[in-house]
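Q: mind looking at a prediction? Sequence and model below.
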Amino acid sequence: MKNTNVAETVEDAAPTKPRLTERLQMLGIPDAELTPPVHFAVTTLLERLDDLGRELSRTKETLSEIERLVDVDCLAPIPNRRAFMRRLGWAIAMMERYNHPTSLLFFDLNDFKSINDTYGHAAGDLAIRHVSQILSSTLRESDFIARIGGDEFAIIMYYANEEAARKRGKKIADMVRATPMLFNGKPIALSTAFGYYSVKPGDDPEAALAATDMSMYVEKRRGKAGVAEAKA
């Protein structure tokens, strides 16, 4: 009676039997040993493995989505510093391997504190998103942008030397200056300082970003000195 029940259970699974039979044959179990109880036990095991495979696939998809969310900035819809540094490490490795120029751009929003103090933090948040949208609109398909922190942004430019990065930085800074943001129906003028750096073989990602940041501060001091001279 027991064997009959097993056989009936196996028979009930007839729609999937051809596929399972092929898998059983791949296991190398001799036909003589493939009794109904053995067939049932192995078939149940294979179905369980299928279930585990589907669960693993769903878990991988969930982990991928979590990692994607972790790499996205909390305020602007662009990657964050974590994602940028990982991509920069990869970009340096590719530059060293294929010997193609790679440059960095670094942007800092001028007088960001005064925006928060004058209009409130909601305006400051809007300014971050506004600038990120302008920067994103200028990207080539191969470029990579991220918000590094606060009011600072960076771009990796593949196949671009330092002069190309300087020209792009000026173009973007001009676009930001020419595109005021609207806050409560009122236009607010924004401006950015920018720095640029041509990545060198052997560069450490943090050091390369720091060099670009330093270039930005040099340009910012130069700009402030120019304004002071004009007022004098």
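A: Right, received. Where do you want to start? Numbering: from 1, shown residues only.

Q: so which residues of this structure form strands?
A: Secondary structure of the chain (DSSP state E): strands at 102-109, 144-149, 152-158, 181-183, 186-188, 192-198.

Q: between the ones you listed, which gets nearest to R81?
A: Nearest of the strands of the chain to R81, taken as CB to CB: strand 144-149 at 5.0 Å. All C-beta spots, glycine's among them, are computed from the backbone N, C-alpha and C.

Q: mind listing what's buried along that closest one?
A: 144-148 (16 or more other CB atoms under 10 Å).

Q: again, but for stretch 89-109
A: 91-92, 95, 101-109.

Q: also stretch 211-220?
A: Buried, per 16+ other CB under 10 Å, within stretch 211-220: 211-213, 215-216, 219-220.

Q: what's the closest of those residues to P201?
A: A211 (14.1 Å).

Q: for that closest one, which non-adjacent residue is closest in space?
A: Nearest residue to A211 in three dimensions, chain neighbours excluded: Y197, at 4.8 Å (CB to CB, 6 or more residues apart in numbering).

Q: quick check: beta-bridge partners of the one you found?
A: L104 (DSSP bridges).

Q: could you check the pLDDT of it?
A: As predicted, Y197 sits at a pLDDT of 97.

Q: what's the distance between it and P205?
A: Separation of Y197 from P205 (CB to CB, to the nearest Å): 12 Å.

Q: more crowded one of those two?
A: Legend: neighbour count by other CB atoms under 10 Å for Y197 and P205, higher for Y197 (23 against 18).

Q: before we move on, the earlier item: can you lay out the buried residues of strand 144-149 as JSON lines showing pLDDT?
A: Below are the buried residues of strand 144-149 laid out as JSON lines (pLDDT from 0 to 100):
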{"residue": "F144", "pLDDT": "97"}
{"residue": "I145", "pLDDT": "97"}
{"residue": "A146", "pLDDT": "97"}
{"residue": "R147", "pLDDT": "97"}
{"residue": "I148", "pLDDT": "95"}
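
Q: low-confidence regions, this protein specifically.
A: 1-29, 31-34, 59-69, 223-232 (pLDDT under 70).

Q: ok, 80 please
A: Applying pLDDT under 80 to the chain flags residues 1-43, 46, 49-52, 54-70, 222-232.

Q: give me the number of neighbouring residues for the nearest residue to S198 once chain neighbours are set aside.
A: Closest residue in space to S198, ignoring its immediate chain neighbours: E162 at 3.8 Å, by CB to CB, 6+ apart. Using other CB under 10 Å, E162 is surrounded by 16 other residues.

Q: check contacts around E162.
A: By CB atoms under 8 Å, 6 or more residues apart in numbering, the contact set of E162 is 103, 196-198.

Q: one more time with 7 Å, if that's ok
A: Residues counted as contacts of E162 (CB atoms under 7 Å, 6 or more residues apart in numbering) are 103, 196, 198.

Q: for the closest residue to M175 other than its chain neighbours, what are its contacts?
A: Leaving aside its sequence neighbours, M175 sits nearest to I134 (CB to CB, 6+ apart; 5.5 Å). Contacts for I134 were tallied using CB under 7 Å, 6+ apart; they are 175-176, 179.

Q: now render those residues as a markdown table, adding distance to V72 and neighbour count.
A: Output for the contacts of I134, formatted as a markdown table (distance: CB to CB, whole Å; neighbours: other CB atoms under 10 Å):
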| residue | distance to V72 | neighbour count |
| --- | --- | --- |
| M175 | 23 | 15 |
| V176 | 22 | 21 |
| T179 | 24 | 15 |
